[in-house]
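*Asks:* no FASTA, just this:
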């Protein structure tokens, strides 16, 4: 594994590296996406038109899902409507069956009443009008629908009851009445009852006429002789009233005859258009023929089911449950495809080396051109070596050991062994994943930091050289200015004294800057010495507060110390501790307003001591939180910084504390101030 110093160097120089790596992992963090993406070449997909084919298939799938759902919804809606209409027809049929039964029953009852009269005439063929009236009166007394009964011996009406009002019918010869003769002839020839009508009656009005042939017995009783007809006229309005046809509720009813072959004939009751409106039709058997009774709802058949709103709402809900997941699935597939293409482009075109590595063996499963260029090896050669032979030191375990799926590691600094044998400094980071088949893999990213190292080394050498070259003459200048300002070389005019004072302060600032630069260089290079030992915290804090008190007075800031740690001792380097506290206290004083207060609180826990330094300043801008401990970092980066400073203080403070096994963090609120918390281990 990399040493602590390697990790620090890697973290200090890899902000851009992490930005790229995290962006890739965040946007394409699904392991199977990466596995599928690198499973085929982007070039092959481009040439084969795979992207267009996938988009076309996705749109076709969406269209099919939508059309299938709409068609299914339409079919279900029609089935619901048909079920409703079927139920309506059942209701209409039930009501119509009642009307048919009443109509058929009324006709049959009226016809049957005259059969007794026919039997009497058959035995008394010479019956006269009084005798006929006597018998007919008995027959008609309970039948209100029968208007009259007539007897026509030899096809001429001679007997009538009641006679009053029907005189014009007496003497009618059926053979000369073209309208009635067909049915009369049918009854005579068939020997059975025949119902005709409605017909216009000679005596006025309309009626249904039931005609029964009469045969008288011959004396030899060998063959009956045709005597004539007995007819009964059923009053049409009265029949309709008794049958209930005048009060059919919410129905419209019509009656029609049928021909000899069952074909539809004329409509004699109701609107003929009813038979053209898909009615419910029932047969009505009558003597000598067949009628049809038809019915439709009074408002016609409904165009929509009574539950159409509720049912269609359910259909919309069901369609949504089908369509939305389907569309979401196709959109997800398309997005996944787009993510795969982006990840493929990132993998192929990234200037950083990328590779898919077998987690157990460390062998490369696939790698990009940037990694091949970086190492100088051919793809076939590098795949046989594995990462352990070009990046890791002998007997050094893999950096992902002990991690689980989804965990990340790095960035860590390593030396990459190139083909020619020379080492190349790189940063390695990665994430653990599994492919679709369950294989354990590592997606690794390798960044060449040779140029970055060279530039940093040149910069450090330049800063160190300049600092050392300036330190000696600057020390001489500062000493000379101090002698002059203290009057050891004679009294100076007032204006000259002011100029010397300004020059002395500037020389002190330059000296402080050079010292900070040298300290930072020593921290980075590991050349700074530390004398860590057990030191009483109270003594250290008293020295720090006394040393900074004059600076606080100059800024009109009050220092308040609260020692809650008691007489505890800490493991630290006394000089470096004073340097840490000077940096924190001077910053707190510098950013506190005049008349403000800087609070210092020391507390202890089982293993460490915490010191909090809190000011009443403006707070640290949120955008600056991630950079506050970096070199030359200042919230106000302009050339005319009001508060001054080098921007190295907090970076040096963190470096010093890390070398003494301590830590530093901060909390801030805009307009209320900032608190820095440092920890140091307690001495045994």
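*Replies:* Received, thanks. In this text, all values refer to a predicted model and were calculated from it rather than measured experimentally. Numbers count the residues shown, from 1 in each chain.
*Asks:* going forward, measure contacts and count neighbours with C-alpha atoms only.
*Replies:* OK.
*Asks:* quick one: residues contacting the residue nearest to residue 288 when sequence neighbours are not counted.
*Replies:* Among residues not flanking residue 288 along the chain, residue 194 sits closest, at 4.6 Å (Cα to Cα, 6 or more residues apart in numbering). Neighbouring residues of residue 194 by Cα atoms under 8 Å, 6 or more residues apart in numbering: 183, 184, 186, 187, 210, 211, 212, 287, 288, 289.
*Asks:* among those residues, the buried ones, what's the PyMOL command?
*Replies:* In PyMOL, a selection of the buried entries from the contacts of residue 194 looks like this (16 or more other Cα atoms under 10 Å):
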select buried, resi 183+184+186+187+210+211+212+287+288
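*Asks:* out of the contacts of residue 194, list just those in strands.
*Replies:* 210, 211, 212, 289 (DSSP state E).
*Asks:* need those in a markdown table with distance to residue 282 and pLDDT, can you?
*Replies:* Converted to a markdown table, the ones in strands among the contacts of residue 194 look like this (distance: Cα to Cα, whole Å; pLDDT from 0 to 100):
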| residue | distance to residue 282 | pLDDT |
| --- | --- | --- |
| 210 | 22 | 86 |
| 211 | 25 | 86 |
| 212 | 26 | 88 |
| 289 | 14 | 83 |
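*Asks:* pLDDT (mean, whole number) over stretch 596-614?
*Replies:* Stretch 596-614 shows a mean pLDDT of 94 in the predicted model.
*Asks:* enumerate the positions of that stretch that are buried.
*Replies:* Buried, per 16+ other Cα under 10 Å, within stretch 596-614: 596-604, 608-614.
*Asks:* so what touches it?
*Replies:* Contacts with stretch 596-614, where a contact means Cα under 8 Å, 6+ apart, come from 556-565, 570, 584-585, 588-589, 592, 615-616, 673-682.
*Asks:* tell me where the stretch 101-250 of the chain is predicted with low confidence.
*Replies:* Scanning the stretch 101-250 of the chain for pLDDT under 70 picks out 218-223.
*Asks:* for it, what spans make up the helices?
*Replies:* 115-123, 129-140, 181-190, 236-243 (DSSP state H, counting those that start in this stretch).
*Asks:* show me what the first one is packed up against.
*Replies:* Helices and strands touching helix 115-123, by 3 or more Cα pairs under 8 Å, 6 or more residues apart in numbering; DSSP states H and E, are helix 129-140, strand 206-216.
*Asks:* can you put those in a markdown table and add distance to residue 381?
*Replies:* Output for those, formatted as a markdown table (distance: least, Cα to Cα, whole Å):
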| stretch | distance to residue 381 |
| --- | --- |
| helix 129-140 | 123 |
| strand 206-216 | 113 |
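*Asks:* the ones you listed: which one's closest to residue 459?
*Replies:* Shortest distance between residue 459 and these, using Cα to Cα, is found for strand 206-216: 126.4 Å.
*Asks:* which ones are touching the spatially most central residue of the chain?
*Replies:* Of all residues in the chain, the one closest to the mean position by Cα atoms, centre = their mean is residue 328, 6.7 Å from it. Contact analysis of residue 328 by Cα under 8 Å, 6+ apart lists nothing.
*Asks:* from residue 660, how far out is residue 532?
*Replies:* Computed with Cα to Cα, to the nearest Å, the distance linking residue 532 and residue 660 is 7 Å.
*Asks:* tell me the contacts of residue 208?
*Replies:* Residues near residue 208 by Cα under 8 Å, 6+ apart: 195, 196, 197, 198, 199, 233, 234, 235, 236.
*Asks:* among those, which one has the most neighbours?
*Replies:* Counting neighbours by other Cα atoms under 10 Å, the top entry in the contacts of residue 208 is residue 234, with 27 neighbours.
*Asks:* just give the nearest non-adjacent residue to it, would you?
*Replies:* Of all residues not flanking residue 234 in the chain, residue 146 sits nearest, at 4.5 Å (Cα to Cα, 6+ apart).
*Asks:* correct me if wrong: that neighbour contacts residue 235.
*Replies:* Yes. Checked against Cα atoms under 8 Å, the pair residue 146 and residue 235 is within contact range at 6.0 Å.
*Asks:* report the mean confidence score over stretch 59-67.
*Replies:* The pLDDT scores in stretch 59-67 average 80.
*Asks:* tell me which of the helices and strands packed on helix 115-123 is the most buried.
*Replies:* Highest mean neighbour count of those: strand 206-216, a mean of 24 (counted as mean count of other Cα atoms under 10 Å).
*Asks:* that one vs helix 236-243, what angle?
*Replies:* With axes from the mean of the first three to the mean of the last three Cα atoms, to 10 degrees applied, the angle from strand 206-216 to helix 236-243 works out at 90 degrees.
*Asks:* can you give the strand pairings for strand 206-216, parallel or anti for each?
*Replies:* Partners of strand 206-216 in the sheet, by DSSP bridges, are strand 194-200 (antiparallel), strand 225-235 (antiparallel).
*Asks:* tell me which of those strands approaches residue 438 most closely.
*Replies:* strand 194-200 (90.8 Å).
*Asks:* what does stretch 521-528 contact?
*Replies:* Under the criterion Cα under 8 Å, 6+ apart, residues 460, 464, 519, 652, 655, 656 lie in contact with stretch 521-528.
*Asks:* pLDDT score for the third one?
*Replies:* At residue 519 the predicted local distance difference test score is 70.
*Asks:* that one: neighbour count?
*Replies:* Residue 519: 19 neighbours (other Cα under 10 Å).
*Asks:* next: the last one.
*Replies:* The local packing of residue 656 (other Cα under 10 Å) involves 24 other residues.
*Asks:* now it, what's its secondary structure?
*Replies:* Look at residue 656: counting by DSSP: H, G, I helix; E, B strand; the rest coil, its state is helix.
*Asks:* without its sequence neighbours, what residue ends up closest to it?
*Replies:* Using Cα to Cα, 6+ apart, the nearest residue to residue 656 is residue 576, at 6.8 Å.
*Asks:* quick one: which of the contacts of residue 194 is nearest residue 380?
*Replies:* Looking across the contacts of residue 194 and measuring by Cα to Cα, the closest to residue 380 is residue 289, at 101.2 Å.
*Asks:* what's opposite the closest one in the beta bridge?
*Replies:* According to DSSP bridges, the partner residues bridging residue 289 are residue 286.
*Asks:* what's the separation between it and residue 281?
*Replies:* Residue 289 is 16 Å from residue 281, where distance means Cα to Cα.
*Asks:* can you check residue 578 too?
*Replies:* Separation of residue 578 from residue 281 (Cα to Cα) stands at 112 Å.
*Asks:* now swap in residue 163 and tell me
*Replies:* Distance, residue 163 to residue 281, by Cα to Cα: 40 Å.
*Asks:* what do you get for residue 444?
*Replies:* 83 Å.
*Asks:* which of those two has more residues huddled nearby?
*Replies:* More neighbours surround residue 444 than the other of residue 444 and residue 281, with 22 against 19 (other Cα under 10 Å).
*Asks:* which helix or which strand is home to the nearest residue to the more buried one once chain neighbours are set aside?
*Replies:* The shortest distance from residue 444 to any non-neighbouring residue, by Cα to Cα, 6+ apart, is to residue 430 (4.2 Å). Using DSSP states H and E, residue 430 sits in strand 423-434.
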